[in-house]
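**Student:** What follows is a predicted protein model with its sequence.
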Amino acid sequence: MSEAAIEIKDLRVDYGDFVAVHDISLSIPYGQVFGLVGPNGAGKTSTFKVLTTLMEPTYGEVTVAGFDIFESADEARRVMAYMPDLAPVPSDLKLWEFLDFHADTHRLGGGKERLARVDECLAIVNLSEKREAWCKELSRGQTQRLILAKTLLHRPKVLILDEPASGLDPLSRREMRLALQALANEGATVLVSSHILSELAEMCSSLCVMNQGRLLASGTAEEVKRQLGNAERRFKARTFGDPESLASWLEKRSDISALKREGAVVNFQFTGDDDGQENLLADLVNAGLKLRAFEEEGSSFEDILVSVAEGNRVE
Amino acid sequence: MKNGDNHRPRRAVPAWKIWANPIVRRYARSRLRPASFGVALLLTVMVAGFLFFVSREGSARVMGEEVNMARMPLIPLLILQGLILFGLGTGQAAAGITTEADEGVIDYQRLAPMTPLAKVMGYLFGLPIREWLLFTATLPFTIWSVWMGEVPLGSFFQLYSVFVMAAILYHLTGLLAGSVMKNRRWAFLASTGMVFLLYTVIPQAAKFGLVYLKYVTIYPVFKDVYPDLLARPLGDAAVILQSVIPQARFFGLNLPQVVFTLISQAVLILAMVTMLWRRWRKADCHLLGKVGATGLFAWLQVMLLGNALPLIATGDLFPSRELSRRFGRLVEPGAGEWSPELGEAFVMIALYGVVTLIFLWWLIFLITPQDQTQVRGWRRARKLGSPSLPQLSDAATAFPWALAMAGMGAVGWFVFSNALLQSHWYPQFSLNSLTPLAMVLILLGGGMGLQALLECYGRKITGLMVILAGILPLMLAVIMGVTSDSLSVPAIWMGVICPLSWPFYGAAVFLSPDELPRHVARAMPLAFWFMQGVTILIVLWLLGQLRESRRKISEASKEG
């Protein structure tokens, strides 16, 4: 079995002349909550559809839990679960019937065993009291939770969730986040997409950013911010002494710009790498400026995503 | 994974285990809810009971004997069962699958770890499950009538085995229609309309040389056994009529109708299951592969010929023969000296050509790749280091396969026409020397033209061309033809634009029938050969375009 839960190599998806996914490669280890973020049209859903065997790519190699999804689609489907964006539900089934049907397709034991699992999953997503309700009567958030219950039924090794938190209230989002992290702790791999980077940053152990079919950055949230954030890193500093003397000391340096004083705090941009930052701090201390605080301010995730969406980071 | 190991999933349910199929169980749950199913069941039993008692007791005074009375409900019940299974069941299969696609839940089933065949079986028997049970609810009335009417069990089983097989065939057609169409109402109407056509139009076509088509219905077997279903005085009369109804003949073989019908329907069922299986395996693939489509076309040609040729010598292929047998003796005593008219051969030859052309177009439509498919295929091939597309892939051109099918169709059509006119019925006629050329031109022109148009310009432009060069000229020609005799020649020139009319023009060229008015007989060959000349030029131009389009797509796939 492959060491990675999901392994993508040179994946490409075309719709006529439009290239939805452009030769991406990605490896996601077991036990991670991995986020895929990007603006609408970035290629996230196409990637997910290929991963879940719903779509054949133009070319590429994909394995899920060690199964080649083109050669062993049935085996791959047995160990994965997919929650689509705006997940639909049938109009002619009740909640428990809908889940029981999917439990049956996964052959999760006899009637009693299956129903016990159905009730267990309904409880996980707090829908036990709606057990006998019709699927079509649920609100958007409840529908999302029902589909999450469906994906949990067969205890998949890999969960692929497309915008799972859309339509959920803050409490439900928190519950979903905790549920996904619990699954990851048990060894499952969760691949989750969103166009809200901050939301993913909260729940993901690592993530990658896609735009126009290409992977722009991947790693931990901080690494992604670093890779996609501005080249000029923003800092703020405070001293026990006069902030004016700190400001005038900084002003003399060529690697400092956009200097601004806000009360006791001095904000500035620094064009240097990690070593440069270390030297800057040492220089500040050696200059006897009595530093009280010195911290880096990254670009916000939303800023990064807006700039990505504008395409100004695409090669 | 910790929990996953505790609950190791079992193997997927085998396709043949219908009762354990999750999709069947899902629909059993949703379509057999006591409230709605109960009402449908009550209505069905009431109608079946009404038919049973009315036809039984209503005939009591006339029939007298219990055996005769008991047989009377059998045919009304069979019609009710046909309405339930053939009509409602087929419509439900089509509308149900369209609803799943419409709601979006069909993707869940695509992801279900079941084999594609198990999914096909699940929908085939799950969607119309209510109709199957309603049908079963009418069976006690039938069985009682069979028992009390002393109907031979062989007849009963023959009829009902074909009935069930036909229902499965129609439900599969419904599923296919539902898989292709997006609107559930249209899917319902189209599939039930198809069943209606099968029992109204197709039997008429079967009388004009296309004998095979009747084997997709229950008519042949019904005709075989219906004397046993009638009250004895009627049944005895039917036996006399039946004695002159031909048995199923296939080239040199003489087969019982039931066996031949079951074989014919089984092959079509296999073809449709293959199409659905392919769709479940890969959602965007062609319904049939190139080899499968060519094989199906060959099979249809063999069946059309195999059923028709043996009936020529006996005269049973000609529609006037059966009429003569049934009514000739009653109307004119000299009916024994029957011989067919040339007009019958004209219609049969033309119809054979039309049906061959329609099958050809349908299969070409199924296997011709869209430009998107070609681009993706080329990119994949290039990535894998291949200089060309795999010949059997969906992305590869359908040109050679369309050519092969058109060639087979021309051969089949020639064999049929030649056998008909070389028979002892038409000693004074023979096909003229240009016939093979005309047949090849009609099928190659029609087939390759459509293939090149589809592959170069896509479905929308082709659809527009079908309207402008197919339907519109034919409609105008008909209007001109019925408006005035003086417009008949312009109508002939207008009508020849529509490729579907070519077999009729061709038949007129092959036979030069004397029955046609002189000016029509002169105009038809002229219009036909002129149109064939124009078609050759158009097809050659289209083939050039096709070559260029393929080159462009191949080049475009190198970019990006």
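**Tutor:** The structure has been received and is ready for your questions. Residues are numbered from 1 along each chain as shown, chains lettered A, B, ... in the order given.
**Student:** what about residue A:257, neighbour count?
**Tutor:** If you count neighbours by other Cβ atoms under 10 Å in any protein chain shown, residue A:257 ends up with 13. No exception for glycine: its C-beta is placed from N, CA and C like everyone else's.
**Student:** Using the three-state scheme, assign it.
**Tutor:** Put simply, residue A:257 is strand when judged by DSSP: H, G, I helix; E, B strand; the rest coil.
**Student:** for the closest residue to it other than its chain neighbours, phi and psi?
**Tutor:** Of all residues beyond its chain neighbours, the one nearest residue A:257 is residue A:269 (4.9 Å), with distances taken as Cβ to Cβ, 6 or more residues apart in numbering or on different chains. Main-chain torsions, residue A:269, degrees, to the nearest 10: phi -110, psi 140.
**Student:** Which strand residues bridge residue A:269?
**Tutor:** residue A:234, residue A:257 (DSSP bridges).
**Student:** residues of stretch B:527-540 that come out buried?
**Tutor:** By 16 or more other Cβ atoms under 10 Å in any protein chain shown, the buried positions in stretch B:527-540 come out as B:527-529, B:531-532, B:535, B:538-539.
**Student:** got a list of contacts for it?
**Tutor:** Applying Cβ atoms under 8 Å, 6 or more residues apart in numbering or on different chains, the set of residues contacting stretch B:527-540 from outside is B:438, B:441-442, B:444-446, B:448-449, B:452, B:492-493, B:495-497, B:499, B:502, B:505-506, B:508-509.
**Student:** Would you check that residue B:422 makes contact with residue B:430?
**Tutor:** Yes: the criterion here is Cβ atoms under 8 Å, and residue B:422 meets it with residue B:430 at 6.8 Å.
**Student:** Mind giving me the ChimeraX command for buried ones among the contacts of stretch B:527-540?
**Tutor:** Burial among the contacts of stretch B:527-540 is assessed by 16+ other Cβ under 10 Å; the matching ChimeraX selection reads:
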select /B:438,441,442,444,445,446,448,449,452,492,493,495,496,497,499,502,505,506,508,509
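**Student:** number of nearby residues for residue B:79?
**Tutor:** 10.
**Student:** Please read the previous query as pertaining to residue A:171.
**Tutor:** Other residues close to residue A:171 by other Cβ under 10 Å number 10.
**Student:** again, but for the one 3 residues further on
**Tutor:** Summarising burial for residue A:174: neighbours were counted as other Cβ under 10 Å, giving 14.
**Student:** so where do the strands sit in the stretch 251-400 of chain B?
**Tutor:** Assigned by DSSP state E, counting those that start in this stretch, the stretch 251-400 of chain B shows strands spanning B:253-255.
**Student:** ok, now chain A?
**Tutor:** Remark: strands assigned in chain A by DSSP state E are A:4-15, A:18-29, A:33-37, A:59-64, A:67-68, A:80-83, A:158-162, A:189-194, A:206-211, A:214-219, A:233-239, A:256-262, A:265-270, A:291-297.
**Student:** returning to what we had before: inside helices: which ones of the contacts of stretch B:527-540?
**Tutor:** Residues of those located in helices (DSSP state H): B:438, B:441-442, B:444-446, B:448-449, B:452, B:492-493, B:495, B:502, B:505-506, B:508-509.
**Student:** which of those are close to chain A?
**Tutor:** Here nothing survives when these are matched to chain A using Cβ under 8 Å from any Cβ of the partner chain.
**Student:** how about low-confidence regions in the chain?
**Tutor:** All of this refers to chain A. Scanning chain A for pLDDT under 70 picks out A:1-2, A:196-198, A:229-232, A:298-315.
**Student:** let's do chain B instead
**Tutor:** Using pLDDT under 70, the flagged stretches of chain B are B:1-10, B:63, B:232-247, B:325-336, B:513-515, B:559-560.
**Student:** Okay, domains of it per the record?
**Tutor:** Split into domains by automatic domain parsing, chain B comes to B:18-281, B:284-560.
**Student:** swap in chain A?
**Tutor:** Split by automatic domain parsing, chain A gives A:4-228, A:233-297.
**Student:** In contact with residue A:98, which residues are there?
**Tutor:** A:89-90, A:135, A:146, A:150.
**Student:** How about residue A:213?
**Tutor:** A:13, A:19-22, A:24, A:42-43, A:46.
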